[in-house]
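Engineer: no sequence for this one, just the structure:
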Ligand code: HAM
């Protein structure tokens, strides 16, 4: 066929999820819902865009996300809006706006959907990507820190993702972080001329950001920088130990990494990432941590909180070893009506079988018997029902078992029973 117009390509850094992959997406999303429900999490659905302030205030003015990666636009009313680069900020906004802290107690929420960051696209890094996240409000008990990490690892185990480990750190609290920040500031200041332009400009406002810088020289410099573990207060240290203990008891592969710094500013105490050996440079499948002051920052009551988000694209790339065939559900029956009257009758037959829960497909248009049977074959259906003019008068069709090749003439009323006798392999 000659094309009439020029093809329009999708935007760089975004991708289509085609039917050949969408089953894996559904498997991931459904498994996450099931596992999270076992832990009594409830789903929340939040808008895809928010007032820009929501993200600026929480993620932090000096982070890469806010400085250079947000899709921010002015809407027709002159208001600055932003496509969400992550979910936590919106969830906190929703938690406060909807008074979810009433009645007081622990609130466990999960969400999934697209996020947007104008990062340089590369393998495993997209500009529209998808996250599944979970957030817990209302307790600073280290047991919940451990529980969310266990829940996340349960999901990976259920999905049979190999080679994952948890990198764990505690970033301290408003009590102990200032001393660490000062030490880091002094360290960086002495080496300022060797740091990248970005880190140089951030030193005064937020020296911690240098720990997360991707520039190779900065990475090398901060290798020898002071680490938070030398500064943590007793209360943070005890909290951290109590997060680790249940993880060790359950044999979750945890490595304490005092250098782990997250790319968002709102964290305090627990911070973690789940990394994979199989992912190359973008090896972080999930990340999360505690953000005990964020609810207050959004005008809510003092409410400790913790959560994580995983990247669906990265997780799916780790499922690639899994068999697509295994996930695909093929039709139970494929109808081949040979005439127009047979085609009309097919509606009723197909409708009834679908109402019993069978997957039914059919041919459309007219073609030779041979080409119709080819279509039936390609559909990978268990059975094909061929309806010719003579049979139609008798209320029967030819039912062909596609794996054995065996054919029988059967009344339309008996088809459901036959399908039922031999469930799909
Ligand atoms: P994050 O580490 O920025 O954390 O993102 C979490 C996960 O999203 C990453 O581990 C990665 O799998 C995926 N991801 C991030 N950026 C991209 C990208 N450009 N392309 C593909 N995948 C990406 C957060 O977003 C926090 N909100 C997590 C959290 C929840 N902390 C507390 N609660």
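Structural biologist: Ah, there it is. The model shown is predicted, which means the values in this text are computed figures rather than measured ones.
Engineer: going forward, measure contacts and count neighbours with C-alpha atoms only.
Structural biologist: Will do.
Engineer: centre of the chain to the helix of greatest length in the chain, how far?
Structural biologist: Once the chain is assigned using DSSP state H, the helix that runs over the most residues is helix 19-38. Put simply, helix 19-38 sits 9 Å off its chain's centre (Cα atoms, centre = their mean, to the nearest Å).
Engineer: ok, the helix or strand that it is followed by: who's next to it in the sheet?
Structural biologist: From helix 19-38 onward toward the C-terminus, using DSSP states H and E, the following helix or strand is strand 42-43. Note on strand 42-43: by DSSP bridges, its sheet partners are strand 107-116 (parallel).
Engineer: tell me which residues in the partner strand are buried?
Structural biologist: Burial within strand 107-116, assessed by neighbour count using 16 or more other Cα atoms under 10 Å, is assigned to 107, 108, 109, 110, 111, 112, 113, 114, 115, 116.
Engineer: likewise for stretch 288-299?
Structural biologist: 288, 289, 290, 291, 292, 293, 294, 295, 298.
Engineer: sort out for me which of these are in strands.
Structural biologist: 288, 289, 290 (DSSP state E).
Engineer: tabulate those residues (TSV), appending pLDDT and distance to residue 280.
Structural biologist: Listed next are those as TSV, based on pLDDT from 0 to 100; distance: Cα to Cα, whole Å:
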residue	pLDDT	distance to residue 280
288	98	20
289	98	23
290	98	27
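Engineer: could I get those in CSV, plus columns for distance to residue 139?
Structural biologist: Output for these, formatted as CSV (distance: Cα to Cα, whole Å):
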residue, distance to residue 139
288, 16
289, 13
290, 10
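Engineer: near the ligand, which of these show up?
Structural biologist: Near the ligand, judged by Cα under 6 Å from any ligand atom, the entries from those are 288, 289.
Engineer: within reach of the ligand, which of the buried residues of strand 107-116 are there?
Structural biologist: Within those, nothing lies near the ligand by Cα under 6 Å from any ligand atom.
Engineer: okay, and the closest residue to residue 35 other than its chain neighbours sits in which element?
Structural biologist: Leaving out its chain neighbours, the residue that sits closest to residue 35 by Cα to Cα, 6 or more residues apart in numbering is residue 155, at 6.4 Å. Here residue 155 sits within helix 142-158, counting by DSSP H and E.
Engineer: likewise residue 274?
Structural biologist: With DSSP H and E as criterion, residue 274 is part of strand 270-276.
Engineer: that strand pairs with which strands?
Structural biologist: Counting by DSSP bridges, strand 270-276 is paired with strand 164-170 (antiparallel), strand 284-290 (antiparallel).
Engineer: and the residue in the stretch 101-250 of the chain that the ligand sits nearest to, how many neighbours?
Structural biologist: Closest to the ligand within the stretch 101-250 of the chain is residue 125: 3.5 Å, counting by Cα to the nearest ligand atom. Counted with other Cα atoms under 10 Å, residues neighbouring residue 125 total 19.
Engineer: the strand holding residue 274 vs helix 142-158, what angle?
Structural biologist: With axes from the mean of the first three to the mean of the last three Cα atoms, to 10 degrees defining the directions, strand 270-276 sits at 10 degrees from helix 142-158.
Engineer: starting at the chain centroid, how far to strand 270-276?
Structural biologist: The answer for strand 270-276 is 15 Å, by Cα atoms, centre = their mean.
Engineer: same question for stretch 187-201.
Structural biologist: With Cα atoms, centre = their mean, you get 35 Å for stretch 187-201.
Engineer: what residues does the protein have near the ligand?
Structural biologist: 86-88, 117, 119, 124-127, 129, 131, 133, 135, 284-289, 306-311, 314.
Engineer: contact partners for the residue of the stretch 101-250 of the chain closest to the ligand?
Structural biologist: Neighbouring residues of residue 125 by Cα atoms under 8 Å, 6 or more residues apart in numbering: 13, 119, 282.
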